[in-house]
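K.L.:
got a predicted structure here, sequence first:
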Amino acid sequence: MSVVYGSRWPAGRIAAAALMLLLATSLVSSAQERPQFRATVEVVQLQVALEDARGDHMPNLTREDFVLRVNGRVRDLTAIYEVDLRQIQPDEEEDRFIPAGGWRQFLLFFDFSFTTKQGVRRGQEAALEFVQKFVHPQDLIGVATYSTVGGLQLVSPFTADRGQVMDAIRGFGLNRSQFIVDSAGFAVQPLADLYDLQVAAPAAPAASTRATLDTLLEQVLLTGYLDADRADFRRYREEAINYVDQLIDLGTLLTATRGRKHVLLFSAGFSDEVLSGQTLDELSNDAALLQSGESFNINTESRFGSADLRQSLEQAMKSLQSSDTVFHALDVGGLGNGAIDDTFQTTRSNRQGLSYIADGTNGTIAWNTNDLTPFLADLAETTSRYYVLAYRKDADDPPVVQLDVAVRKPGVKVTAAPRRFAPPPAYADMDEPQRQLQLAEYISKGIEEESMTFDVRAMPFAGDRRVNRVAVVVEIPNQQLQELAAIRGDAATEIDLLGYVMDNDGQMRDLFSRRVKLDLNRMVGRLDGLPFRYYDLLWAPPGEHKVRVLVRDTAAGLLSTRTLQIEVPGYHNAPGVVVSGPVPLDWAHPGLLMRGLDAAAPPAHRLGGPVAYPFTVGDQELTPQVYSLSAPGGSFHFMLVAHNLGRHPFTGEGQTSVVARAIDQFGAEHEVGTVKLIARSYDPQSDATTMLVEAVLPNQLGEGAYLLEIDVLDAISGETVQKTLPFLITAATATDD
């Protein structure tokens, strides 16, 4: 017999016990206090900047102050949200709600094909300065490159992890092999390298040295850089067209992530000659050659520019505008290197292409300067205040709509808003790069989505002295699997499972990524209504962390996310008793578990590190589950791992007892008189005592949701550690035959 598994356990003793009765409902305590922005693509979110008559941002506007027209028809706004990054201090509101379309996003885009090595280095230095000095902690930053050899490469998706961004800027993805790369495109440096763990197969340090990166970059520029003075003009023109075509693809890609995308283009630009043709001086020179009988020296290819290139630029502008992408061009050539100012003019300029791209997307340009700092500072300031407007898509809305946003307040005007706009496409209409970017958006923005049901528990355990284990258990109800199989039209499902552990600075410390294929016909008789249960392992140093897990069905694109707050103790240097758990166990149906990490054959970056399966007592492996379930008058099992317990001075044995009480939904306490210690084991290396415990519930406890308060008493030291475990009593449990 199956039971409906819930989607989230809220925190708080009494609140948890009461809300556990609603296991099939996902509740967020602050949902009624937030603007009701739906994460689904059925609700369109727009960023709108405006200013008053003095040129200042106008705060505190409401939905009634805006007029939105979609294809000429006024549409109701479902929500409005104001963003003023100047008012958000870096050390406050860490978990502040931001709608999916409300994040400020910068894409640092390095052009290798029309920029010299010196220009690339200048862009690299400016990008590092921008990230270190001017971006807000809640900004998301991505990194992309373009070369004639590799084309457009998204080195890093939008992320709040500054470490990933800095690595991407410094290495341009050329040193990517030394990172852990997942299906969402994130690249995380293994903790084994950061903490110099003695793994069996250490990474080669040479891959990250500046000399190696310089050599790799030299090779890229050697084969990719196009000098208009030396290159065959026809080839140069074709490469310029290819470059612009890649911008079309970039616009298409960026429709997959919501909100405005500010692209900082570090480039010297391609020659104006290939776009608009020869200058007056060059035409005059050709006329002189013709008169002198030297027509064979006239370059007829470049006389009138490329109509194909101009057409591609027009298409690129439409694509970028539709994805709400704004290009800010930073000329990394610098003064005296192909620059134009009021005092002199070179025979060959690279200004028109960059101007066309920036102007066509309502962006800005930095010209004629060897110091980009003022421009970057101003850009960070002028893009820091805006509103997010949300409206619901109509069934007959075309893929690309024309928008017009106005403000009813006198003297207030809209300075930036999408005019031509393509909302994120449905999953079925996305290509694989878009689907990858969608995954990254959900992870980076912490979007709470509930398209399918799953549950997760993350539990820290001791590991190395500097890196501990975080065990993650994911459960997907059998009924959910059946529904996914029905969508596919067969008995199979394919699911992406992604998990990340992040510290308080937003840095990803570790990740796992797994695609699981399940044939439900082969599982008949094994699951019997039980959930599919998946285990994986993350590493994390001591401290407060978030564990974020995403599950996505690859056929229909249904996905859900969970974010858990955990505290990873410093087991080896803690001043007192430290307890991991309690971990609820499936005692009646052990072994129904898929392991993403096999301790006997871990990936290379974990070889020799702390990878042992944590759910063991002695030589007995246990099966963890997310929730504890019991029938009325029944019992359930859990495990605890206690570190640093006192030892008897003569026998060396520990003296530990466990007592518990149940808290009902009204806050009343019920003593659990029978708490059986079934087994225990001791690991001297980690000074860990593992206890397998059975809680026999009092008969007076009826069906409902409860919270078990557990006291672990160390009789030697006199210390008591309290832990909690939610459980449910129901007549229809997942352990029924």
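P.N.:
Arrived safely.

K.L.:
walk me through the domains of this protein.
P.N.:
The chain breaks down by automatic domain parsing into domains covering 40-172+220-277+306-444, 448-729.

K.L.:
any chance of those in TSV, with mean pLDDT, distance to residue 195 and mean neighbour count too?
P.N.:
Where you see a C-beta, it was placed from the backbone N, CA and C, and this is true even at glycine. Written out in TSV, the entries for those read as follows (pLDDT from 0 to 100; distance: least, C-beta to C-beta, whole Å; neighbours: other C-beta atoms under 10 Å):
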stretch	mean pLDDT	distance to residue 195	mean neighbour count
domain 40-172+220-277+306-444	88	14	18
domain 448-729	90	5	18
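
K.L.:
turn those into CSV, columns for distance to residue 184.
P.N.:
Converted to CSV, the domains of the chain look like this (distance: least, C-beta to C-beta, whole Å):
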stretch, distance to residue 184
domain 40-172+220-277+306-444, 4
domain 448-729, 6
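
K.L.:
mind checking which of these is nearest residue 196?
P.N.:
Closest of the domains of the chain to residue 196 is domain 448-729, at 8.8 Å (criterion: C-beta to C-beta).

K.L.:
pretty sure residue 449 sits against residue 443.
P.N.:
No - counting by C-beta atoms under 8 Å, residue 449 does not reach residue 443; the two are 11.2 Å apart.

K.L.:
check which element follows the strand or helix carrying residue 515 along the chain.
P.N.:
When secondary structure is defined using DSSP states H and E, the element that contains residue 515 is strand 508-519. On the C-terminal side of strand 508-519, the nearest following helix or strand under DSSP H and E is strand 532-540.

K.L.:
can you list the strands that that following strand pairs with?
P.N.:
The strands beside strand 532-540 in its sheet (DSSP bridges) come out as strand 468-476 (antiparallel), strand 594-595 (parallel).

K.L.:
still on that earlier bit, in terms of secondary structure, what does the strand holding residue 515 contact?
P.N.:
If you count contacts as 3 or more C-beta pairs under 8 Å, 6 or more residues apart in numbering; DSSP states H and E, strand 508-519 packs onto strand 187-188, strand 492-503, strand 532-540.

K.L.:
make CSV from those and add distance to residue 481 to it.
P.N.:
Converted to CSV, those look like this (distance: least, C-beta to C-beta, whole Å):
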stretch, distance to residue 481
strand 187-188, 30
strand 492-503, 6
strand 532-540, 6
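
K.L.:
what's the closest of these to residue 380?
P.N.:
strand 492-503 (23.8 Å).

K.L.:
name the helices or strands packed onto the closest one?
P.N.:
Packed on strand 492-503, when contacts are counted by 3+ C-beta pairs under 8 Å, 6+ apart, are helix 432-445, strand 468-476, helix 478-488, strand 508-519, strand 532-540, strand 543-553.

K.L.:
nearest to residue 107, of these?
P.N.:
Nearest to residue 107 among those is helix 432-445; the distance by C-beta to C-beta comes to 11.0 Å.

K.L.:
between the closest one and strand 492-503, how many degrees?
P.N.:
40 degrees (axes from the mean of the first three to the mean of the last three C-alpha atoms, to 10 degrees).

K.L.:
pull up the pairing partners for the next helix or strand after helix 432-445, direction included.
P.N.:
Sequence order places strand 455-461 as the next helix or strand after helix 432-445, per DSSP H and E. On the basis of DSSP bridges, the sheet neighbours of strand 455-461 come out as strand 468-476 (antiparallel).

K.L.:
gap between the strand it pairs with and the chain center?
P.N.:
For strand 468-476, the distance between its averaged C-alpha position and the chain's averaged C-alpha position is 19 Å (C-alpha atoms, centre = their mean, to the nearest Å).

K.L.:
now the angle from that strand to strand 508-519?
P.N.:
Computed by the same axes, to 10 degrees, the angle between strand 468-476 and strand 508-519 is 30 degrees.

K.L.:
distance check, residue 243 against residue 317.
P.N.:
Using C-beta to C-beta, to the nearest Å, one obtains 14 Å as the distance from residue 243 to residue 317.

K.L.:
then residue 398?
P.N.:
Distance, residue 398 to residue 317, using C-beta to C-beta: 19 Å.

K.L.:
same question, residue 103
P.N.:
Distance of residue 103 to residue 317, computed by C-beta to C-beta: 24 Å.

K.L.:
cool, and residue 138?
P.N.:
For residue 138 relative to residue 317 (C-beta to C-beta), the value is 30 Å.

K.L.:
same check on residue 706?
P.N.:
Using C-beta to C-beta, residue 706 is found at 61 Å from residue 317.

K.L.:
what helix or strand is the closest residue to residue 708 other than its chain neighbours located in?
P.N.:
Residue nearest to residue 708 in three dimensions, not counting chain neighbours: residue 725, with 4.5 Å by C-beta to C-beta, 6 or more residues apart in numbering. Residue 725 belongs to strand 720-729 when elements are defined using DSSP H and E.

K.L.:
which residues touch that strand?
P.N.:
By C-beta atoms under 8 Å, 6 or more residues apart in numbering, the list of residues contacting strand 720-729 from outside reads 9, 13, 16-17, 20, 23, 577-579, 581-582, 584, 627-632, 634, 636, 638, 640, 642, 662, 697, 701-714.

K.L.:
let me know which of the strands paired with strand 532-540 is the nearest to residue 358.
P.N.:
Taking C-beta to C-beta as the criterion, residue 358 comes closest to strand 468-476 out of the strands paired with strand 532-540, the separation being 44.6 Å.

K.L.:
orientation of that closest one relative to helix 478-488 in degrees?
P.N.:
For strand 468-476 and helix 478-488, the angle between their directions (the same axes, to 10 degrees) works out to 60 degrees.

K.L.:
of the domains of the chain, which approaches residue 197 most closely?
P.N.:
Between residue 197 and those, the shortest separation by C-beta to C-beta is 5.3 Å, and it involves domain 448-729.

K.L.:
what distance separates the start and the end of that closest one?
P.N.:
End-to-end distance of domain 448-729 (C-alpha to C-alpha, to the nearest Å): 28 Å.

K.L.:
okay, helices next: where are they in the stretch 101-250 of the chain?
P.N.:
Counting by DSSP state H, counting those that start in this stretch, the segments of the stretch 101-250 of the chain that form helices are 117-129, 162-171, 191-194, 210-224, 233-254.

K.L.:
quick check: phi and psi at residue 599.
P.N.:
Backbone torsions of residue 599, given as degrees, to the nearest 10, read phi -60, psi -30.

K.L.:
grab the nearest non-local neighbour of it.
P.N.:
For residue 599, the spatially nearest residue (C-beta to C-beta, 6+ apart) is residue 611, at 4.7 Å.
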